[in-house]
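Visitor: I'll drop the sequence and a predicted model, then ask my questions.
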Amino acid sequence: MNAPQSPLIHLIDDDEAVRTSLALLISTVGLRVQTWADPQEFMQGFSRQGIGAIVLDVRMPGTNGLSVLDALMAQGVDQPVVMLTGHGTVELCRRAFKSGATEFLEKPVNDELLLETLQNAVRQHVRSRERHQASRQAQERYAQLSEREREVLGLIVEGLTNKEIGRALGLSPRTVETHRANLFGKLQVESLAHLIRHYATLAAASGG
C-alpha cells in the first residue's frame with residue numbers, strides 16, 4: 001500500500017464520558033482514535049481509504065447505530081465495524097451481525113475484550129487491503145498479456161511441457177519458450193510455483 005498510515009479507530013457515541021474514556025483506553029495500545037458525537041457528521045467526514053476500524057454505539061438520538069451500519073455497508077465501506085450497546089438483546093445482536101457487523105459488545109464493555117477485538121479487527125482490515133491490492137495488481141499485469149500468452153499461461157498451469165503446449169497450439173517449442181519468457185516478465189514472476197500462485201490470485205479475483 002502507498003504511504004501507509006497508522007490505523008485509525010473511529011468512535012461514534014453520543015455520550016461524551018464514554019467517548020473520552022474509550023478513546024483514552026484505545027490509545028494505550030498505540031491506536032489513533034477520532035471521536036464523533038453525531039453519526040451524520042461521521043458519515044460525512046470519515047475517509048473510506050484509511051486503515052482501521054469503526055466503533056459504533058447502537059442507541060443514539062436521531063440516527064441509530066444500526067441505520068449507520070446499513071449505510072456503511074451500502075456504500076461498500078470495508079473497515080470492520082464493532083457495535084456497542086447498553087441494552088443488548090439476542091434479536092439486536094442477530095440484526096447487527098446480519099447487517100455486517102464484525103463484533104457486538106455490551107456496555108459496560110470489558111477493557112481487555114474491546115482492545116483485543118479492535119486489534120484483531122485492524123489486523124483483519126490490513127490483510128483484506130493487502131489481498132485486494134495483490135488481486136488488483138495481478139489483474140493489471142494479466143491485462144498486459146497477449147491472447148496467445150494467455151493461452152500459453154493456461155496450459156502451463158495445467159502442467160503441460162513446452163512441446164505439449166506447442167502441439168496443442170500449433171507452435172514450435174522455441175516459440176512457446178518465447179511466449180513463456182514474455183509472460184513471466186509481464187507477470188513479474190520468477191518461478192513456476194510463483195506463476196501458479198499468481199494464477200490462483202487471478203482466479204480468486206475473477207470468482208473462478
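Guide: Yes, it's here.
Visitor: Apart from its neighbours in sequence, what residue is nearest the residue nearest the centre of the chain?
Guide: Against the mean C-alpha coordinate of the chain, by C-alpha atoms, centre = their mean, the closest residue is residue 128 at 2.8 Å. Among residues not flanking residue 128 along the chain, residue 78 sits closest, at 6.3 Å (C-beta to C-beta, 6 or more residues apart in numbering). No exception for glycine: its C-beta is placed from N, CA and C like everyone else's.
Visitor: Could you tell me the model confidence score at residue 11?
Guide: Residue 11 carries a pLDDT score of 97 in this model.
Visitor: Wait, it touches residue 27, no?
Guide: No. Using C-beta atoms under 8 Å as the test, residue 11 is too far from residue 27 to be in contact (10.6 Å).
Visitor: Now the common contact residues for these two.
Guide: Common contacts of residue 11 and residue 27, defined by C-beta atoms under 8 Å, 6 or more residues apart in numbering, comprise residue 33.
Visitor: who's more crowded, the two?
Guide: For residue 11 and residue 27, the more surrounded residue by other C-beta atoms under 10 Å is residue 11, and the numbers stand at 24 against 12.
Visitor: Can you list the residue ranges for strands in this protein?
Guide: With DSSP state E applied, the chain shows strands at 8-12, 32-36, 52-57, 81-85, 103-106, listed in chain order.
Visitor: which sections of this structure are below the confidence cut-off?
Guide: Flagging of the chain using pLDDT under 70 yields the residue ranges 1-5, 201, 203-208.
Visitor: Residue ranges of each domain in it, please.
Guide: The chain breaks down by automatic domain parsing into domains covering 8-130, 144-205.
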